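> Would you be able to build a 3D model of this:
(3 chains)
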Amino acid sequence: MAGATLTLDNPLFANFLFYAGVVLIKTCLMSILTARYRNKNKAYMTDEDCRALRQRTGADVKPTRNDPDVERVRGCHHNDLENVIPFVLIGLLYILTDPNPWYAKMHFRIFTVARLFHSVAYLKPLPQPSRALGWLLGYIVTLSMGVSVVMSGVM
Amino acid sequence: MAGATLTLDNPLFANFLFYAGVVLIKTCLMSILTARYRNKNKAYMTDEDCRALRQRTGADVKPTRNDPDVERVRGCHHNDLENVIPFVLIGLLYILTDPNPWYAKMHFRIFTVARLFHSVAYLKPLPQPSRALGWLLGYIVTLSMGVSVVMSGVM
Amino acid sequence: MAGATLTLDNPLFANFLFYAGVVLIKTCLMSILTARYRNKNKAYMTDEDCRALRQRTGADVKPTRNDPDVERVRGCHHNDLENVIPFVLIGLLYILTDPNPWYAKMHFRIFTVARLFHSVAYLKPLPQPSRALGWLLGYIVTLSMGVSVVMSGVM
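Next up is the predicted model:
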């Protein structure tokens, strides 16, 4: 079990730090993009946001949940929450099962590239099945690690 | 503190690996079920998905967010995200507070059974209060561990 | 690397336990508030919930997703999931990069205070930019830790 620790001395953990950090920050950045489209399209969700806009600019808008730009970014953000968070949690447990390091690193790299591609495909949007393939690749990575975790566990 | 480590040598952690892996994989599987209902009911969320369907089959559909089957699965998935992710995070911290192992294992087991039952109750659906009870049981487990975590912590 | 471990012997981890526990419990408590408003406003999401109400009280209601009170609490809960979960994950990785303890503790404290204020501002609601500032402060903390994590990692 020598290698299976969560310390910077473990090269696999140092590797995970980078990729987990990237996909988590990427997920968080979607909030900024949502805020930008809300401001640009004046598509706010609450009364107090509409009131603040009115006081600032005099524009009179009602709360909405149907702006296509905002909903597209939110859909992308929500898909990240559904996929990136389980990846990070399962990945953290997976490192502790002492997997083959090369094989484990490929999991982290493929997931990260797949999710970055998924976001581009979702936001641009690229024609399907681009988004679906980006999602599927990341999903398979997470399930593959998840099966290792469950099989290393004790009922 | 000898037992309170995240390694396979710690029987409690090995136990957690199994249950956390099961509930995380269970959560991820909801994506597959959502996709199946979207295809079956032709209930897509984006323009590019509708376009891909049209090119494949000639069927002309508009994006929708109101398909009852899809929304039910999404509701179940969302409830998992709200409950399973905090359970795994709090559970991981809880192990490190060196709890009584038998007591801790019962937490993990009860949560897992309760959430599997919750999903069946949500998707079938079983008459209430089935779903509510499944949810409540898992919720109490998470809060119980959460209180231990906060009380072991230092402000 | 002596200090960078996830054990109660590490004062920084003991500190994190407290703050991560508080914000996770706070997030989970939103479910209770949602349930309370659903019952108070008879605003249920599923047919079986409406049926249970009918059997209990004779009241005949249809499923709805447009109750303003319920949607406000759900918006607050969703915002917590988007922000608190990444904070806890990134925070856990951040501890393992052996940061300056005082600096790290300030991150945890500021985040927790900012998120508690965000919830008050969202639920009351306070006039903007109260909620926006609460969100922004927590967001900056998470990104700051995230950058440290990525820079400590190895591509």
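> Residue A:25: what's it in contact with?
C:143, C:146-147, C:150 (CB atoms under 8 Å, 6 or more residues apart in numbering or on different chains). In short, each C-beta sits where N, CA and C put it, glycine included.
> I'd like the next helix or strand past the helix or strand encompassing it.
If you go by DSSP states H and E, residue A:25 is part of helix A:11-41. Scanning forward in sequence from helix A:11-41 by DSSP H and E, the next helix or strand is helix A:47-57.
> What residues does the residue nearest the centre of chain A make contact with?
With distances taken as CA atoms, centre = their mean, the residue of chain A nearest its centroid is residue A:80 (3.1 Å). By CB under 8 Å, 6+ apart, the residues touching residue A:80 are A:23, A:26-27, A:30, A:115, A:119.
> how does it look with 7 Å?
Taking CB atoms under 7 Å, 6 or more residues apart in numbering or on different chains, we find residue A:80 in contact with A:27, A:30.
> Could you pull out the buried residues of the helix or strand hosting it?
Per DSSP H and E, residue A:80 falls inside helix A:68-95. Under the neighbour-count criterion of 16 or more other CB atoms under 10 Å in any protein chain shown, helix A:68-95 has A:69-95 buried.
> State the next helix or strand along the chain beyond that helix.
Sequence order places helix A:101-123 as the next helix or strand after helix A:68-95, per DSSP H and E.
> List the buried residues in that next one.
Across helix A:101-123, burial judged by 16+ other CB under 10 Å covers A:104-105, A:107-108, A:110-112, A:114-115, A:117-119, A:121-123.
> by contact count, what packs against that helix?
Packing partners of helix A:101-123 (3 or more CB pairs under 7 Å, 6 or more residues apart in numbering or on different chains; DSSP states H and E): helix A:11-41, helix A:68-95, helix A:130-152.
> Report the contact partners of the residue of chain A found nearest chain B.
Nearest residue of chain A to chain B: residue A:153, at 2.8 Å (CB to the nearest CB). By CB under 7 Å, 6+ apart, the contact list for residue A:153 reads B:14-15, B:17-18, B:21.
> Please list the residues of chain A that sit near chain B.
When proximity is defined as CB under 7 Å from any CB of the partner chain, chain A approaches chain B at A:1, A:4, A:6, A:75, A:81-82, A:85-86, A:89-90, A:93, A:96-97, A:125, A:127-129, A:139, A:142-143, A:146, A:149-150, A:152-155.
> hmm, back to that, with adjacent residues omitted, what lies nearest to the residue of chain A closest to chain B?
Using CB to CB, 6 or more residues apart in numbering or on different chains and skipping the chain neighbours, the partner closest in space to residue A:153 is residue B:18 (2.8 Å).
> wait, doesn't residue A:24 sit right on residue C:88?
No - in this structure, residue A:24 is not within contact of residue C:88 by CB atoms under 7 Å, at 10.6 Å.
> Neighbours of the residue in chain A positioned nearest to chain C, how many?
Nearest residue of chain A to chain C: residue A:18, at 2.8 Å (CB to the nearest CB). If you count neighbours by other CB atoms under 10 Å in any protein chain shown, residue A:18 ends up with 18.
> can you tell me how far it sits from residue A:106?
14 Å (CB to CB, to the nearest Å).
> How about residue A:112?
11 Å.
> How about residue A:36?
Distance of residue A:36 to residue A:106, computed by CB to CB: 35 Å.
> ditto for residue A:35
From residue A:35 to residue A:106 the distance is 35 Å (CB to CB).
> Kindly report the same for residue A:38.
38 Å.
> Chain C contacts on chain A?
With CB under 7 Å from any CB as the criterion, chain A meets chain C at residues A:6-9, A:11, A:14-15, A:17-18, A:20-22, A:24-25, A:27-28, A:31, A:45-46, A:48-49, A:52, A:77, A:81, A:85, A:88.
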